[in-house]
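Novice: give the three-dimensional model of this entry:
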Amino acid sequence: MKALNLYSVTRVRESGEFSLLEKALSGRAWHRPFSSHEVDSLCALVERMLAYFRESGTGKDCLRCFDGFFFSYTIEHISKEFDLLKLSSDLGTVLNIELKSESIEEDRIRRQLEQNRYYLSHTARTILSFTYVMETDTLYCLNDHGYLKQSDAAELARALQRPALEQFLEEDIDSFFRARDYLISPVKEPERFLAGRYFLTNQQADFRRQILETLEEAGRERGPVPVISLTGSAGTGKTLLLLELAVTLSRRKKVLFLHGGPLREGHRLLDRRLHKVKICSGTETPAFLRELPEYAYILIDEANRFPSGALRELLEHAEKLGIPIVFSFDPHTILGVIPPMEDAEAVIAGAETLRLELSGNIRINRPVFSFLRTLFHQKDRGGHVDYGCIDILYAGSAEEEKLLCAYYEAQGYERLPASPAAFRSGEIISQEFDRVLMVMDRHFYYDDSLHLCADGVKGAAIWPLYEGLSRAREKLCLIITRNPALFSSVLAIRTQSE
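Specialist: Down below sits the predicted model:
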């Protein structure tokens with residue numbers, strides 16, 4: 001994607017023609033249709049600034065001020081969109097302008113600009129943040145201390161004319177926004193979590209608010225003991241939100257945090273460092289049942305990995321003691337029913353008083369998530385997706401597989417096994433990797449309904465493959481060995497998107 005001149009692109013006002021012109025000027029990979037509201041608000045901003053330059057007499061070569069903007073740029077890995085970005089060539093300064101066609105609350109304007117500053121702070125030292133509201137012809141500016149004020153054209157003009165922005169980034173903006181800069185795995189990167197160097201999406205923040213309000217209300221009114229389910233597919237940020245809740249609740253009373261498998265070192269470090277938060281493995285359930293009266297809240301991650309009997313016992317004890325529980329789990333909707341987990345989920349569903357479902361993947365980038373949906377059910381195809389971050393390779397022998405794996409591992413790919421034992425051990429659960437490599441052998445095939453199966457079974461037999469592939473944050477390599485029919489089918493997913 002290339003930067004463009006805002007004056008040039010706004011000489012066309014009809015949304016269809018604008019979209020075509022924008023694609024030609026920006027070199028966008030695919031056609032992005034813009035609504036009339038998006039076009040009108042951008043045109044109104046440009047006209048507002050042109051009028052200021054004419055009236056103030058400061059508009060010599062003013063068209064150059066409109067150079068170098070990336071319009072409607074999205075960080076693909078996390079679907080974070082910016083209306084207007086201009087970055088200095090040395091990446092020391094960035095100008096961000098958000099466009100609104102209608103009036104909204106100033107608090108929402110501030111929150112969006114603060115969120116944008118979080119993402120941009122990984123790239124630039126100086127961040128200039130503005131919002132333009134077309135309906136009221138109003139400009140707002142957010143300063144470095146998070147203070148939002150009503151601004152004017154003169155202040156935005158000074159930002160546009162900053163010497164630092166005279167030389168600007170012209171293309172290849174994607175290389176400066178990497179998934180690893182934003183996506184945090186609190187178990188794999190506990191120090192970043194403890195330092196507060198992470199960000200909740202709007203949905204995560206909203207669910208956090210709903211859960212805290214539910215728990216607070218139940219405490220005041222002494223009503224039914226809350227049993228809350230927090231669900232979502234892999235990569236939606238369940239563990240991060242659950243640990244954020246643990247920290248918040250522990251400011252009041254003691255919290256028991258249970259993980260549905262063996263603990264990793266990150267769990268242990270968090271257990272040592274978090275005050276009034278006890279982190280235990282689900283394998284230790286009988287041992288801590290006696291200690292339940294010490295805790296005011298119970299949070300359970302990977303809850304559907306617990307035996308259904310253990311969940312029933314835990315729920316019974318918690319209800320008698322009046323302890324609220326928040327369960328977190330992935331119902332594996334892509335794979336269908338997985339019997340052992342289905343039993344656990346049924347127990348939870350029978351007791352829950354509130355269910356919240358996280359959507360919008362923040363761990364897996366959009367192409368990988370789209371690819372996985374189609375991989376596991378070939379009828380579930382989305383629109384055009386650039387699968388450039390996914391390699392599909394074939395190995396005709398064990399020796400070829402070994403060589404290809406070694407080649408990709410040398411490039412920083414983490415090879416993950418597709419065996420159930422590897423995931424039951426807990427060594428991979430709650431981890432993410434920038435680059436993931438997995439192998440599919442002769443056990444995998446597509447049935448008549450185009451569902452992926454292994455050894456005659458879909459769902460339970462292939463969940464380790466899904467668990468592994470869904471750990472990829474940036475790149476994915478899938479090596480299919482001694483299975484030409486499967487290779488042809490999977491390669492078709494990769495190539496038919498182009």
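
Novice: for the helix or strand hosting R268, which outside residues touch it?
Specialist: Following DSSP states H and E, the helix or strand that holds R268 is helix 265-273. Applying C-beta atoms under 8 Å, 6 or more residues apart in numbering, the contact partners of helix 265-273 are 185-191, 193-194, 243, 259, 263, 277-279, 281, 430. Placement of C-beta: from N, CA and C, glycine included.

Novice: so where's the stretch 201-350 of the chain uncertain?
Specialist: Scanning the stretch 201-350 of the chain for pLDDT under 70 picks out 284-288, 332-340.

Novice: mind redoing it with 80?
Specialist: By pLDDT under 80, the weakly predicted segments of the stretch 201-350 of the chain are 201-202, 219, 221-223, 233-235, 282-289, 332-340.

Novice: hmm, back to that, for the helix holding R268, buried residues please.
Specialist: G266, H267, L269, L270 (16 or more other C-beta atoms under 10 Å).

Novice: list the buried residues for whichever helix or strand comes after that helix?
Specialist: Moving toward the C-terminus from helix 265-273, the next helix or strand (DSSP H and E) is strand 277-281. For strand 277-281, the neighbour count (16+ other C-beta under 10 Å) marks V277, K278, I279, C280, S281 as buried.

Novice: and the residue nearest to I325 when sequence neighbours are not counted, what are its phi and psi?
Specialist: Nearest residue to I325 in three dimensions, chain neighbours excluded: I298, at 4.6 Å (C-beta to C-beta, 6 or more residues apart in numbering). Here the main-chain torsion angles of I298 (degrees, to the nearest 10) amount to phi -120, psi 120.

Novice: out of the contacts of helix 265-273, which sit inside helices?
Specialist: Among the contacts of helix 265-273, the members falling in helices (DSSP state H) are P190, E191, F193, L194, L243.

Novice: partners of the strand of greatest length in the chain, with directions?
Specialist: Taking DSSP state E as the criterion, the chain has its longest strand at strand 472-481. Paired neighbours of strand 472-481 in the sheet (DSSP bridges): strand 390-395 (parallel), strand 433-440 (parallel).

Novice: hmm, back to that, a markdown table for the buried residues of strand 277-281, including distance to Y387?
Specialist: Output for these, formatted as a markdown table (distance: C-beta to C-beta, whole Å):
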| residue | distance to Y387 |
| --- | --- |
| V277 | 41 |
| K278 | 43 |
| I279 | 38 |
| C280 | 41 |
| S281 | 37 |
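
Novice: how near is R264 to K188?
Specialist: Computed as C-beta to C-beta, to the nearest Å, the R264 to K188 distance reads 8 Å.

Novice: ok so V247 is a helix residue?
Specialist: Yes. Assessed with DSSP: H, G, I helix; E, B strand; the rest coil, V247 lies in a helix.

Novice: surely it meets H275?
Specialist: No. With contact defined as C-beta atoms under 8 Å, V247 does not count as touching H275 (9.0 Å).

Novice: got the contact list for the host helix or strand of D40?
Specialist: According to DSSP H and E, D40 maps onto helix 36-56. Identification of contacts with helix 36-56 by C-beta under 8 Å, 6+ apart yields 6-7, 9-10, 13-15, 18, 58-59, 62, 65-66, 71-72, 83-84, 97, 99-101, 132, 134, 137, 153-154, 156-157, 160.

Novice: inside helices: which ones of those residues?
Specialist: Per DSSP H, these map to helices at L6, Y7, V9, S15, F18, A153, A154, L156, A157, L160.

Novice: what about the last one, neighbour count?
Specialist: Here the neighbour count serves as a burial measure; for L160 (other C-beta atoms under 10 Å) it reads 24.

Novice: is it true that it touches C65?
Specialist: Yes. In this structure L160 lies within contact range of C65 using C-beta under 8 Å: 4.0 Å.
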